[in-house]
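[1] Below is the sequence, then the predicted model.
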Amino acid sequence: MESRATRIVLGIWVALVLVFLFGPIAIIAVYAFNASNVQTWPIPGFSLRWFASAWANREIRSSLLLSLEAGVIATAIAVLLGTAAAFAVHRFRFVGREAVSFIVVLPIALPGIITGMALNSFFVFWGLGLSFWTIVIGHATFCIVVVYNNVIARLRRMPHSLSEASMDLGADSWRTFRLVTMPMISTSLIGGAILAFALSFDEVIVTTFTAGAQNTLPLWIFGAIRLGQRLPEVNVVVLVVTAITFIPVIVAYRYMDQSTDRSR
């Protein structure tokens, strides 16, 4: 049993880790409401002027729209391919089954810069110009992993006897999938899709190699910070991106938690 001193030390350590992780985000959130365009601490006052300024920036709005469109389409592709791969690996036994599983998971295991360079080389080799669709393909390659892992984990926890019972009662494969399998995996599927969208929305490394002249929101942030201009607007955009990314993660966590409770 842990002593009181051990619990205190562990509590302090956890608090320090949380401050290290979320302290910079909290500072950016405060700077987003800074009345001055100079980032000094403490801030001279609070204002919403930079929110209006950021929204009036056409480049920011177009970058945000591009990121949302790419994220939604990449997520849709990831849901279709990731779910299909999960069912194939779980339900069937074939030569190269483990290799398929390894290939699907590989993009998320590699550093983003390696994945981006590999995709860029592939597009250049086949003479494909970098465009919106190369961004979508790049994002889908690592979004598939999230959906695949969620769905196959749920399939492995689902008793196979449920499908057998449905077929014994006269249901065909499609009816069994629609009425038995799909409701059982729905929470994992939705959770995986939400996490995939969040991952796609804030991905900057892969986008850098697959965007061409396209400018997504993470690329705009990176460029604005590098040039040192419009830092107040950058703080606002970073705050919004953090919120957009944070909310889907929380929702996905709740869905996956519900999935775990149902499996029990």
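    Arrived safely. Residues are numbered from 1 along each chain as shown.

[2] Point out where the stretch 1-150 of the chain drops to low pLDDT.
    Residue ranges of the stretch 1-150 of the chain with pLDDT under 70: 1-2.

[3] Can you identify each of the helices in it by residue range?
    Counting by DSSP state H, counting those that start in this stretch, the stretch 1-150 of the chain has helices at residues 4-31, 49-56, 58-91, 97-109, 112-125, 132-157.

[4] Among these, which comes closest to residue 167?
    Residue 167 sits nearest to helix 58-91 of all those, at 13.4 Å, using CB to CB. For every residue, glycine as well, the C-beta is placed using N, CA and C.

[5] quick one: the closest one to chain centroid distance?
    Relative to its chain's centre, helix 58-91 lies at 9 Å (CA atoms, centre = their mean, to the nearest Å).

[6] Return the most buried member of the helices of the stretch 1-150 of the chain.
    Comparing these by mean neighbour count (mean count of other CB atoms under 10 Å), helix 132-157 ranks first with a mean of 23.

[7] ok so, going back, now the helices of the stretch 1-150 of the chain as TSV including distance to residue 174?
    Output for those, formatted as TSV (distance: least, CB to CB, whole Å):
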stretch	distance to residue 174
helix 4-31	46
helix 49-56	47
helix 58-91	13
helix 97-109	24
helix 112-125	35
helix 132-157	17
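
[8] Check the burial of residue 201 by counting its neighbours.
    Using other CB atoms under 10 Å, the number of residues around residue 201 comes to 23.

[9] Over to the one 5 residues further on?
    Residue neighbour count, defined by other CB under 10 Å, stands at 26 for residue 206.

[10] Which among the helices of the stretch 1-150 of the chain is found nearest to residue 207?
    Closest among the helices of the stretch 1-150 of the chain, using CB to CB: helix 132-157, at 5.9 Å.

[11] Helix 97-109 and that closest one, what's the angle between them?
    Regarding helix 132-157 and helix 97-109, their directions subtend 130 degrees when assessed with axes from the mean of the first three to the mean of the last three CA atoms, to 10 degrees.

[12] Compute the inter-axis angle for helix 132-157 and helix 112-125.
    Here helix 132-157 runs at an angle of 130 degrees relative to helix 112-125 (the same axes, to 10 degrees).

[13] Please compute how far helix 132-157 lies from its chain's middle.
    Mean C-alpha position of helix 132-157 versus that of the full chain (CA atoms, centre = their mean) differs by 10 Å.

[14] what's it packed up against?
    If you count contacts as 3 or more CB pairs under 8 Å, 6 or more residues apart in numbering; DSSP states H and E, helix 132-157 packs onto helix 58-91, helix 97-109, helix 112-125, helix 182-201, helix 205-210, helix 231-263.

[15] how close does the residue nearest to the spatial centre of the chain get to residue 128?
    Taking CA atoms, centre = their mean, the centroid of the chain lies closest to residue 199, which sits 1.8 Å from it. Residue 199 sits 23 Å away from residue 128, going by CB to CB, to the nearest Å.

[16] If anything else comes up later, I'll come back, but that's it for now.
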